[in-house]
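Pasting the sequence and the predicted coordinates here, then a few questions.
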Amino acid sequence: MPDALIIHQFWDTIMATRFSVIVEAPADDAGRVCAVAEEAFLEIRRLESLLSRFIEDGEISQINRLRHGETIIVSPETHRCLELARQAKRMTQGHFDAAYLSEGVSHEGEAFALLSRPFQVVSLAESLQIDLGGIGKGFALEQVREIFVRYGYTKAMLCADGSTIFALDPPHDAKGWPVQWEFQVLELANESISCSGKTVRGEHIFDTRKREYVTIRDRVYVRTPSPALADALSTAAMTMSKDGFNEFLSEWEIDCFGYFPK
């Protein structure tokens, strides 16, 4: 008779965020699942050491010290996160911009360029300032997925503060992991959902184009395969005009809901 499946849950505070891991696995696997969760948390801490602009010797801090035209070799993880940040900027027409704090940006509007073999970042700004806060936590969830896949625990759900959720394979005999959003229960499987809003923290989202703390709507939910993009896109959608928001949804076929205009 197979071992009974139970829910194992773990959490830790990293990146000023409460990360939680929920895994469905046999009861007898408790010790092993705990070790895998701990490995995932250690990986998130390692990513924080690379991606946080507040860690002096981290790669983002080193990038932010580059002068115009200077280049630095970075890890594949930093390079990939910056690629996703540039993708989010293109998708949102600049409403998400990890380098919005930069000054003296090139006339093309790009503050940095990415090169491969080896992975490199080139400064295109007089003062390059990158802040991955709007995409880094989702990226961390995306990266640690591989740890659970490697050990065979794919029936899992990974969360960053409850605002970004990444569901892997669904639990036994279920279509997906049940997640309560607003007044409905969603079933998530191999996808992510992220929420941005001002109900809890008030007007705290920065409009990178107007350069002020202002939002057009109260709350936005974005559902995509990538938790990194879900995190970035939900933040960006908070500052889009009604027409811009509709154009964004039409062009990218983003599953976005819970949109409440003022």
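Great, that's in hand. Note that the coordinates shown come from a computational prediction; the quantities given were computed from them, not determined experimentally.

start to end distance for stretch 108-124?
10 Å (C-alpha to C-alpha, to the nearest Å).

Same check on stretch 54-62?
For stretch 54-62, the first-to-last residue distance is 11 Å (C-alpha to C-alpha).

Can you list the buried residues in it?
When burial is assessed from 16 or more other C-beta atoms under 10 Å, stretch 54-62 yields the following buried residues: Gly58, Glu59, Ile60, Ser61, Gln62. All C-beta atoms are positioned from the backbone trio N, CA, C, and that covers glycine.

Okay, the fourth one and Phe248: tell me how far apart.
Just to be clear, that refers to Ser61. 32 Å (C-beta to C-beta, to the nearest Å).

Now do the helices in this protein.
Secondary structure of the chain (DSSP state H): helices located at 30-51, 59-63, 76-91, 133-150, 227-237, 242-252.

So what touches the shortest one?
Where contact means C-beta atoms under 8 Å, 6 or more residues apart in numbering, the residues beyond helix 59-63 that reach it are 50-55, 72, 74-75, 78, 112, 121, 123, 128, 130, 132.

next one: the first one
By C-beta under 8 Å, 6+ apart, the list of residues contacting helix 30-51 from outside reads 8, 10, 12, 14-15, 19, 21, 23, 25, 55, 58-60, 74-75, 77-78, 81, 132, 136, 139-140, 143-144, 147-148, 151, 153, 158.

Could you rerun that using 7 Å?
Helix 30-51 has contacts (C-beta atoms under 7 Å, 6 or more residues apart in numbering) with 8, 10, 12, 14-15, 19, 21, 23, 25, 55, 58-60, 75, 77-78, 81, 132, 136, 140, 143-144, 147-148, 151, 153.

Looking at the buried residues of stretch 54-62, which is nearest Trp252?
Top of the list for closeness to Trp252, among the buried residues of stretch 54-62 and by C-beta to C-beta, is Ile60 at 26.6 Å.

Around the residue nearest to that closest one when sequence neighbours are not counted, how many other residues sit close by?
The spatially closest residue to Ile60, leaving aside those adjacent along the chain, is Arg53, at 4.8 Å (C-beta to C-beta, 6 or more residues apart in numbering). Neighbour count of Arg53, defined by other C-beta atoms under 10 Å: 19.

Over to the one 10 residues further on?
The local packing of Ile63 (other C-beta under 10 Å) involves 23 other residues.

follow-up on the earlier one: next, give phi and psi for the residue nearest to Ile60.
When read as degrees, to the nearest 10, the backbone of Arg53 gives phi -80, psi -10.

Give me the distance between it and Phe148.
Between Arg53 and Phe148 the distance, using C-beta to C-beta, works out to 28 Å.

How about Ser163?
Taken as C-beta to C-beta, the span from Ser163 to Phe148 is 21 Å.

which one of those two has more residues nearby?
Neighbour count, other C-beta under 10 Å: between Ser163 and Phe148, Phe148 has more, with 23 against 19.
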